[in-house]
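Trainee: Here is the input, now give the coordinates:
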Amino acid sequence: MADSRGSSAPDLDILGDQVTLHPSGYVEPPQRPQDRDKEQNLVEHMARFRTSPLEFLREVSLHVSGTGWRAYDHFIGQPIFYNGFSDNMTAAVLSTPILQKKITELAEKRIAFEEKEGLLRLDDPSYAAKKTQRKNVIEHSLQELCEKMTGDMICKMESRPFIRGAYYLCTQLLTRAYHQGIHVSSEEVLRLRAVAEEAEKNKQSIIFLPCHRSHVDYVSLQLICYRLGLALPTVVAGDNLNFPVVGSFLQHAGAMWIRRSFGDDVLYTTLVQSYIDTLLQGGFNFECFVEGGRSRTGKLLPPKFGILGFILDSILSGRVEDAIICPVSTQYDKVIETEGYVTELLGVPKKKENLADFLSASSILSLKLGRVDVRFHKPWSLRDFIREQQARTIGIPPVIDDHATRQKLLRTMGYKILSDINAVSVVMPTALIGTVLLTLRGRGVGMAELIRRVEWLSERVRAKGGRVAHFGNAPTVVVIERGLEVLGKDLVGLVEGLPEPTYYAVDRFQLSFYRNMTIHLFIAEALVCASMYTRVKRGGGPANQRISYDELRSQVLFLSQLFRGEFIYPTEGLAANLDNTLRAFEADKIVDLVRDSEGKITAVDLSDVERAAGRENFDFYCFLIWPFVEAFWLGAVALMGFAPPKTYQGDGWLPVKKCQDSAQLLGKSLYHQGDLSYFEAVNKETLKNAWTRFEEEGIILVAKSRNSKVQPKAKLAPEWESTRNPENDLLVPEGRLWDFAEKIAQSRREGKNRRDGATVSTRVLRLTDTIGQALYSESMADARMTEEDKALLKKQQKRRQAMKARAHL
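Mentor: So this is what the prediction gives:
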């Protein structure tokens, strides 16, 4: 058979509203001027036995026989499917110099310990022989342990028939759930194949770094690589998925299992580094999720630097010459797991994955969840990235050998990847609909108004450089109807019997997942509008709502720093982002800018045009960020309750988890009592991010024990501790923490229960104090810290002091 590597792609292309059948082999889709985005559906609708038994049997026979592209004989990349692949990989990993050095080092440490304990006596005549023998025994035991751990860890892609069967099975399942298939950009696919061919020549790995919202992420990327004739990547997966039957299946389909936490296990850490070195040295493709776990909120999470650190170390150490980084965006009309995410975010403990739950997912497959859109950023050389950073004036020396510099480079790399993912992300119709429904002042919206706002939002997305899912020449109403069908009546309700169909958000919490898919595009606008709202909320005439440029800049800076772990900002910097946003608002007639004689902006007003339109555009941007403002305000208010009461006899340290749970309980209470506008503000992940931010600021101190079974403890820093009334021991609305909460509250949405003066009312403080005192009562018995934990805390505080150069609130 002739080499067909250059021609392994779909038999069916869907380009706009035109369906084109192609012969076996890759053919670039026909170009049409009216199509702005060339797309293709890489997963054709599979025949069903009940409806088309003959076609179903024909498809099965084609996959079993490996006909055409299904054979997967001539993919681009290094050979991976042959008997003995796993054994060769294991041998290569175990023989790496860094692993052998670590084994020797650990054996020597053990010998030194045994000498200290008197198990090996220096005055023994046969000491030298016994020492050598003992060292050999220890090294042999460590080698056996490493061999077992390597066998448990590495992927075992050895069987091409298995991969063909797995592809067919996964495609059957995926096309049942996502009935509109997997869509990719033709141009990006062609570019990726060209990069893969060059990487194969240079024996370099392509490292796919997708965002992570669903378990479908890695399935869809594997299917795309198979369909396009690219070598399947080894996928980093948490060992929580390594349960009977499913774990073995995934391992033979490309998964490598790693622990969720390495702890202080230096041998295991070195073993993972050795495996990654071996993969990258061999030019094998690799995949890991830059966010670590799945995003439960719909937006990108901050980068996790574990696996990225291993990859960067492979290059910096010189053990690997180069690798190709390919950020990937995967977007869904509807994510299968969102209902489970909501349960977790409301505080219900996450269930451990098991086979029964996996099999029960078959009921979900009968749903019609729309389509999956996968986009590939232009791949880039990791070696070139390092050189570029070294050439810039950011303090990175030519030789990178210190921990702080590596961490700085690693952080820059992580956020660049997230920025690249955002740059190619596609906004799906469900995200547009969810965003519109959650940024309304009214209860619902008619179809005509929904169409108008979706079209407006689509244009704003494109104007910001974003992409909207391409549906050919289908009118907006058809696209919206498809999106509403996918979201379903459990998320979006319909009021019938009115002059026009009227839609409303049924489950705002779950629908916020889809709204958060758009927020990254408008974060600068949202911050500016929330900062302007500190004046706009006062009401009165335009002069009363005018905000000076300096006051606006101060609040934007405060909010930007507050949310720096929550959002990814444009890279131009605060001053440029603020000025660019204000000028864009002026062009859109949202604001009027007051300038002095030199042309500098001195104040900002809402424009007459925007006021006449009912502030709909200004409010839109505020609605995007208000739930996050409320969540961080809630986190700050909850901290006020951590001031120890007079009756408390401990040292003030409380379990972190119970503290965070108490903040969520406070939020639920405030929401149902009307002091919190958004139920999304009790989102566990957002509250955790707020907690992390407060820890970075030194508002709270957190002590983590070396013993993983001991829960971290926390307490307020002395200078941030709330004030109590000496007569009745009640919290007093004053002090540094109070002022901090008030600063956040200035940008909160004004609600009917908050027009009584102080933002944090006496009622809220009393509830906060009640929950805080209950927490102290529960924790009285085990609140004291060990001396070891205190010593560890001092080290953590020194590390925090080293970060003081960064901007603070």
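Trainee: make it CA atoms for all contacts and neighbour counts henceforth
Mentor: Noted.
Trainee: Backbone dihedrals for Gln390, both of them.
Mentor: phi -70, psi -30 (degrees, to the nearest 10).
Trainee: neighbours of it, just the number please.
Mentor: 17 (other Cα atoms under 10 Å).
Trainee: Could you measure from it over to Lys408?
Mentor: 11 Å (Cα to Cα, to the nearest Å).
Trainee: Also Arg482?
Mentor: With distances taken as Cα to Cα, Arg482 is found 45 Å from Lys408.
Trainee: if I've got this straight, Ser597 is in a helix?
Mentor: No: counting by DSSP: H, G, I helix; E, B strand; the rest coil, Ser597 is located in no helix; its state is coil.
Trainee: Please enumerate the helices of the stretch 301-450 of the chain.
Mentor: For the stretch 301-450 of the chain, the helices defined by DSSP state H, counting those that start in this stretch occupy 306-316, 338-345, 355-360, 382-391, 403-424, 429-437, 447-463.
Trainee: Check which helix or strand Ala774 maps to.
Mentor: Ala774 is part of helix 762-779, with elements assigned from DSSP states H and E.
Trainee: what's in contact with that helix?
Mentor: Residues from elsewhere that reach helix 762-779, judged by Cα atoms under 8 Å, 6 or more residues apart in numbering: 637-638, 640-645, 648, 654-655, 658-659, 662, 666, 670, 675, 730-731, 733.
Trainee: mind checking how far stretch 432-442 is from the chain centre?
Mentor: Computed by Cα atoms, centre = their mean, to the nearest Å, the separation of stretch 432-442 from the middle of its chain amounts to 23 Å.
Trainee: Stretch 319-332 too?
Mentor: 16 Å.
Trainee: and it, which residues are buried?
Mentor: For stretch 319-332, burial by neighbour count (16 or more other Cα atoms under 10 Å) applies to Val320, Asp322, Ala323, Ile324, Ile325, Cys326, Pro327, Val328, Ser329, Thr330, Gln331, Tyr332.
Trainee: Give me the subset of those residues lying in strands.
Mentor: Ile324, Ile325, Cys326, Pro327, Val328, Ser329, Thr330, Gln331, Tyr332 (DSSP state E).
Trainee: Of those, which is the nearest to Leu498?
Mentor: Checking those against Leu498 with Cα to Cα, the nearest one is Tyr332 at 31.8 Å.
Trainee: deepest of the helices of the stretch 301-450 of the chain, which one?
Mentor: Highest mean neighbour count among these (mean count of other Cα atoms under 10 Å): helix 429-437, with a mean of 26.
Trainee: which residues touch that helix?
Mentor: So helix 429-437 is contacted by 333-334, 444-445, 450, 453-454, 457-458, 468-469, 479-480, 483-484, 486-487, 504-505, 511-512, 514-518, 624 (Cα under 8 Å, 6+ apart).
Trainee: how big is the angle separating that helix from strand 324-332?
Mentor: Put simply, helix 429-437 runs at 60 degrees to strand 324-332, going by axes from the mean of the first three to the mean of the last three Cα atoms, to 10 degrees.
Trainee: now the strands: where do they sit in the stretch 551-700 of the chain?
Mentor: Secondary structure of the stretch 551-700 of the chain by DSSP state E, counting those that start in this stretch: the strands cover 591-595, 601-606, 654-655, 700-703.
Trainee: just so I know, which of those lies nearest Asn136?
Mentor: Shortest distance between Asn136 and the strands of the stretch 551-700 of the chain, using Cα to Cα, is found for strand 700-703: 39.6 Å.
Trainee: Do me a favour and average the pLDDT over stretch 428-437.
Mentor: The average pLDDT within stretch 428-437 is 95.
Trainee: Likewise for stretch 697-705?
Mentor: 88.
Trainee: Same check on stretch 293-301?
Mentor: Averaged over stretch 293-301, pLDDT sits at 89.
Trainee: From the centroid of the protein, which residue is nearest?
Mentor: Leu301 (3.0 Å; Cα atoms, centre = their mean).
Trainee: For Gly292, see how far away it is.
Mentor: Counting by Cα to Cα - Leu301 and Gly292 are separated by 9 Å.
Trainee: Buried residues, the lengthiest helix in the chain. List them.
Mentor: Counting by DSSP state H, the longest helix found in the chain is helix 127-153. By 16+ other Cα under 10 Å, the buried positions in helix 127-153 come out as 131, 134-135, 138-139, 142-143, 146-147, 149-153.
Trainee: What of stretch 464-480?
Mentor: Using 16+ other Cα under 10 Å as the test for burial, stretch 464-480 gives Gly466, Arg467, Val468, Ala469, His470, Phe471, Gly472, Thr476, Val477, Val479, Ile480.
Trainee: Got the phi and psi for Asn285?
Mentor: Dihedral angles phi and psi of Asn285 (degrees, to the nearest 10) take the values phi -70, psi 150.
Trainee: That one and Cys225 touch, don't they?
Mentor: No: counting by Cα atoms under 8 Å, Asn285 does not reach Cys225; the two are 10.4 Å apart.
Trainee: More neighbours: which of the two?
Mentor: When neighbours are counted by other Cα under 10 Å, Asn285 comes out ahead of the other of Asn285 and Cys225, with 25 against 18.
Trainee: who touches that one in this structure?
Mentor: By Cα under 8 Å, 6+ apart, Asn285 lies in contact with Gly77, Ser205, Ile206, Ile207, Phe208, Ala231, Leu232, Pro233, Thr234, Leu279.
Trainee: Look up how far Tyr533 lies from the second one.
Mentor: Between Ser205 and Tyr533 the computed distance is 49 Å (Cα to Cα).
Trainee: what do you get for the fifth one?
Mentor: Relative to Tyr533, Phe208 is positioned 41 Å away (Cα to Cα).
Trainee: hmm, back to that, quick check, distance from the longest helix of the chain to the centre of its chain.
Mentor: Averaging C-alpha positions (Cα atoms, centre = their mean) puts helix 127-153 40 Å from its chain's average.
Trainee: Repeat that for stretch 544-554.
Mentor: 34 Å.
Trainee: oh, and call the first residue 36 from now on, that's how I've got it
Mentor: In the new count, where the first residue is 36, that last one comes out as stretch 579-589.
Trainee: helix or strand right after whichever helix or strand Arg211 is part of?
Mentor: In the assignment (DSSP H and E), Arg211 maps to helix 195-212. Next in sequence after helix 195-212, counting helices and strands by DSSP H and E, comes strand 217-220.
Trainee: What strands flank that following strand, and is each parallel or antiparallel?
Mentor: strand 74-76 (antiparallel), strand 407-411 (parallel) (DSSP bridges).
Trainee: Please identify the buried residues of that strand?
Mentor: For strand 217-220, by 16+ other Cα under 10 Å, it's Ile217, His218, Val219, Ser220.
Trainee: ditto for stretch 196-208
Mentor: Using 16+ other Cα under 10 Å as the test for burial, stretch 196-208 gives Pro196, Ile198, Arg199, Gly200, Ala201, Tyr202, Tyr203, Cys205, Thr206, Gln207, Leu208.
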